[in-house]
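J.: Next one to model:
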Amino acid sequence: MTLFLAACAAAEDNSIAYLTREVSIWSKQNHCFSCHNNGDGARALFAAVRAGTPVAREALDDTAAWLIRPLEWDSNHGDPGFSDKKLARIQFAAALSEAADAGLVKDRAALRQAAETLLPYQEKDGSWQVDAEASLGSPATWGAPLATYMARTTLEKADPRRFRNAIANADNWLARLPAKSTLDAGAVCLALKTSACAERLRDSQNGDGGWGPYAKTPSEAFDTAIAVLALAARDPERAARGRVYLKRTQMPQGGWIATTRPSGSQSYAQHISTTAWAAIAMLQPLLQPMPPAL
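T.: Numbers count the residues shown, from 1 in each chain. Prediction:
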């Protein structure tokens, strides 16, 4: 067990060091903030701070300063052809939420303001619909179930009483979700105290310890990370096997091969987001649940 924990710690250190370099250079080189670097990537770094892992502050300062101004997020200077403002807002709000949990953003009013801006994008059925053309979400584009879970979590952390109706509507939508994929089952499992999704994840774990997008499909880092996070409290043994898979498939520089839809494509955005989700899954044993805002 000691050797296993040491191996996981080494994987965490490598991934956080890698993301520290990548997150810090994106806005400087591209003059904009991105969902993959300053959303997912920064969220992993904020989680690392919460877990007690040292992270250079200069890698976080620019992103933190950007995140506390949610009303300016729509004026980001990204390529409009590759920009989904709804998805970006949900991802930046999630990163801001993690920064607040880590104690790096003291102004809770900014988090409540960010949460407020998510409400117009919630559908009447309670979901947040992103990446609507895809049948399965990906690391950088999430898909509706994961986006709905992440948005409702931001609302819960910002002010559970103020946003209770929106949270309840999201939970009702997730409860009705067929959850045929690993990603869908993971999102439901993370949001709700239901056993069916956990059973689905247990039944679909591969012999190598990882998970594919569906049962009996080859394991991928992103799907494995979601399953590990979803099962961490429900089935620690299976979650630990998933972390072993992630450790074994980590690249030498600290990242993970991009999980793409379809599999095997090349994408820097998906690579950074895959690495961020995997890093958070590796950090999970060190992360304590944060109490909701009062």
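
J.: Tell me, how many residues neighbour the residue lying closest to Ala198 once chain neighbours are set aside?
T.: Nearest non-adjacent residue to Ala198, counting by CB to CB, 6 or more residues apart in numbering: Arg234, 4.8 Å away. All C-beta atoms are positioned from the backbone trio N, CA, C, and that covers glycine. Arg234 sits with 16 neighbouring residues when counted by other CB atoms under 10 Å.

J.: what about Arg234, distance to Asn172?
T.: For Arg234, the distance to Asn172 equals 21 Å [CB to CB, to the nearest Å].

J.: swap in Ala158?
T.: 20 Å.

J.: which of those two has more neighbours?
T.: Neighbours around Ala158 and Asn172, counted as other CB under 10 Å, are more numerous at Ala158. The numbers are 25 against 13.

J.: quick one on the thing from earlier: quick check: the gap between the residue nearest to Ala198 and Tyr149.
T.: 15 Å.

J.: Skipping adjacent residues, who's closest to the residue nearest the centre of the chain in space?
T.: In the chain, the centroid-proximal residue (CA atoms, centre = their mean) is Trp277; its distance is 5.4 Å. Distances taken as CB to CB, 6+ apart place Ala225 nearest to Trp277, at 4.1 Å, with adjacent residues excluded.

J.: List the contacts of the one you found.
T.: Gly242, Leu246, Thr274, Trp277, Ala278, Ile280, Ala281 (CB atoms under 8 Å, 6 or more residues apart in numbering).

J.: Closest to Ala100 out of those residues?
T.: Ile280 (16.0 Å; CB to CB).

J.: Check the contact between the closest one and Ala44; I expect there is one.
T.: Yes. Judged on CB atoms under 8 Å, Ile280 makes contact with Ala44 at a distance of 5.2 Å.

J.: returning to what we had before: list the residues that contact the residue nearest to the centre of the chain.
T.: Per CB under 8 Å, 6+ apart, neighbours of Trp277: Asp40, Ala44, Pro139, Ala221, Phe222, Ala225, Ile226.

J.: May I ask which helix or strand encompasses the last one?
T.: Pointing back at Ile226 there. Taking DSSP states H and E as the criterion, Ile226 maps to helix 221-231.

J.: which parts of the next helix or strand after that helix are buried?
T.: As assigned by DSSP H and E, the chain's next helix or strand after helix 221-231 is helix 236-249. Buried residues in helix 236-249, counted by 16 or more other CB atoms under 10 Å: Arg238, Ala239, Ala240, Arg241, Gly242, Arg243, Val244, Tyr245, Leu246, Lys247, Thr249.

J.: same deal with stretch 225-236?
T.: Buried, per 16+ other CB under 10 Å, within stretch 225-236: Ala225, Ile226, Ala227, Val228, Leu229, Ala230, Leu231, Ala232, Arg234, Asp235.

J.: can I get those residues in CSV with distance to Glu123 and pLDDT?
T.: Output for those, formatted as CSV (distance: CB to CB, whole Å; pLDDT from 0 to 100):
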residue, distance to Glu123, pLDDT
Ala225, 26, 98
Ile226, 22, 98
Ala227, 26, 98
Val228, 29, 98
Leu229, 25, 97
Ala230, 23, 97
Leu231, 28, 96
Ala232, 29, 95
Arg234, 28, 93
Asp235, 32, 96
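
J.: Can you tell me which of those residues is nearest Cys189?
T.: Ala230 (3.8 Å).

J.: Check the spacing between the closest one and Thr260 real quick.
T.: Distance from Ala230 to Thr260, by CB to CB: 21 Å.

J.: swap in Thr224?
T.: 15 Å.

J.: between those two, who's got more neighbours?
T.: Comparing Thr224 with Thr260 by neighbour count (other CB under 10 Å), the higher total belongs to Thr224, at 31 against 19.

J.: nearest spatial neighbour of the more buried one, skipping sequence neighbours?
T.: Nearest non-adjacent residue to Thr224, counting by CB to CB, 6+ apart: Gly210, 4.2 Å away.

J.: Against Leu136, how distant is that neighbour?
T.: Relative to Leu136, and taking CB to CB, Gly210 is found at 16 Å.
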